[in-house]
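Undergrad: Sequence isn't available, so here's the structure alone:
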């Protein structure tokens, strides 16, 4: 199973939007996709309209090794491990563990238990550089870093520092999100990244699209809400690129 963590040290860059819609696009290609909500805000869980009554969450799996990991089925090819409001406490508990390596490997252990059931796992990770982020980096075989402004690029560089500090060999690619060609800084940033690190940059650009915002508010993927929109076209293109991508040099 390919495990792709969608991360940035900065919030508000389109991580949840990307996890949800990329996952939906891959599922439409009949890839068996597991979404993982690893952010205490639980936005991915709410965007996917998960009915939480009687459902095990990420916290249950983190705190009880004996619970069988049973993701929630969204459709035939798309499942999710939801999260709730206790993930912040789980992060505190991780910090109290005696073995630091074990503390950053908890998510990896959980995903190893279900790996054969899926082709691709997409992790929506909390911003920052704490233990939730480190778990996401440790578990990942690949990383997508959404970037749409200079602050997000700074956040992306912090991810690179964490990867080097902990000796992860994960492969990283940048994804341009919320792009508006009429905004000069967006164009300048894209051109800068194309000049500095073209091999680490997705060709696909996720354009600014109000339908993407509205689909999230309506707890639907862009393919459910506006299948002919630019947002749907862009995430379909990203899914094709992800499926075709090989291993790249680390950040």
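TA: That came through, no problem. The structure displayed is predicted, hence computed values, not measured ones.
Undergrad: So which residues of the stretch 101-250 of the chain form helices?
TA: 106-112, 131-139, 150-166, 184-196, 210-217, 222-225, 230-244 (DSSP state H, counting those that start in this stretch).
Undergrad: What is the longest one packed up against?
TA: Yep, that's helix 150-166 we're talking about. With contacts taken as 3 or more Cβ pairs under 8 Å, 6 or more residues apart in numbering; DSSP states H and E, helix 150-166 sits against helix 131-139, strand 142-147, strand 171-179, helix 184-196. (C-beta placed from N, C-alpha, C; glycine too.)
Undergrad: Can you say which of these is nearest to residue 224?
TA: The minimum distance between residue 224 and the helices and strands packed on helix 150-166 falls on strand 171-179, with 19.8 Å, by Cβ to Cβ.
Undergrad: Which neighbours in the sheet does that closest one have, and how are they oriented?
TA: In the sheet containing strand 171-179, the strands it pairs with under DSSP bridges are strand 142-147 (parallel), strand 201-207 (parallel).
Undergrad: what is the mean pLDDT for that strand?
TA: Per-residue pLDDT values over strand 171-179 give a mean of 93.
Undergrad: now that strand against helix 184-196, angle please.
TA: Using axes from the mean of the first three to the mean of the last three Cα atoms, to 10 degrees, the interaxial angle of strand 171-179 with respect to helix 184-196 works out to 160 degrees.
Undergrad: one step back: which of the strands paired with strand 171-179 sits closest to residue 25?
TA: Closest approach to residue 25 among those is made by strand 201-207 (10.7 Å; Cβ to Cβ).
Undergrad: Contact partners for residue 155?
TA: 8, 9, 10, 13, 127 (Cβ atoms under 8 Å, 6 or more residues apart in numbering).
Undergrad: on that earlier part again, got CSV for the helices and strands packed on helix 150-166, with distance to residue 230 and mean neighbour count too?
TA: Below are the helices and strands packed on helix 150-166 laid out as CSV (distance: least, Cβ to Cβ, whole Å; neighbours: other Cβ atoms under 10 Å):
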stretch, distance to residue 230, mean neighbour count
helix 131-139, 29, 24
strand 142-147, 17, 24
strand 171-179, 10, 22
helix 184-196, 15, 13
